[in-house]
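Trainee: no sequence for this one, just the structure:
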């Protein structure tokens, strides 16, 4: 795609974000296929690699996913032998998710994915960090505007 706008779509920030998300999806699909993970499953694994043994609600809150979306995803990870799901002993209404040995071992195989993605952008690290902060600011602004409109 050229840097000069050719159409109304090329002038829309939301379309740039949308089309960039599609480019990320294609890249991650290729990178995650050898691990047998989808991108949402990869995000769950990242959270568990960072802090194992979390509640379903805690994971959903961090990812912005409803239980109805997250539960089938977690069931697939459990079926693949990467996580376990058990009722919390102190509060049976909560379900806890923890890594299995295989899930923990997968961390080593996934280690270079972030570097591959950063390299694929063709952008220097400082620009990527700045972009991350700008996107977070954009998301937070949109989220607070959406909450004010409710």
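Mentor: Great, that's in hand. A quick note: this is a predicted structure, and the numbers were derived from the prediction, not measured.

Trainee: So which bits of the helix or strand harbouring residue 19 are buried?
Mentor: In the assignment (DSSP states H and E), residue 19 maps to helix 13-32. Buried positions in helix 13-32, judged by neighbour count with 16 or more other C-beta atoms under 10 Å: 27-28, 31-32. Backbone N, C-alpha and C define where each C-beta goes, glycine included.

Trainee: now swap in stretch 98-115 and tell me
Mentor: 99, 103-104, 106, 110, 113.

Trainee: the bottom helix or strand of the chain by mean pLDDT?
Mentor: helix 125-149 (a mean of 90; mean pLDDT, DSSP states H and E).

Trainee: show me where pLDDT drops low in this structure?
Mentor: Residues of the chain meeting the criterion pLDDT under 70: 1-5, 147-150.

Trainee: Regarding the spatially most central residue of it, what is its secondary structure?
Mentor: Centroid check for the chain by C-alpha atoms, centre = their mean gives residue 43 as the closest residue, at 3.9 Å. Counting by DSSP: H, G, I helix; E, B strand; the rest coil, the backbone at residue 43 sits in helix.

Trainee: And residue 96, by the same measure?
Mentor: Three-state call for residue 96 (three-state DSSP): strand.

Trainee: So which of the buried residues of stretch 98-115 sit within helices?
Mentor: 103-104, 106, 110, 113 (DSSP state H).

Trainee: Output those residues in CSV; the columns should cover distance to residue 132.
Mentor: Below are those laid out as CSV (distance: C-beta to C-beta, whole Å):
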residue, distance to residue 132
103, 27
104, 27
106, 25
110, 20
113, 16
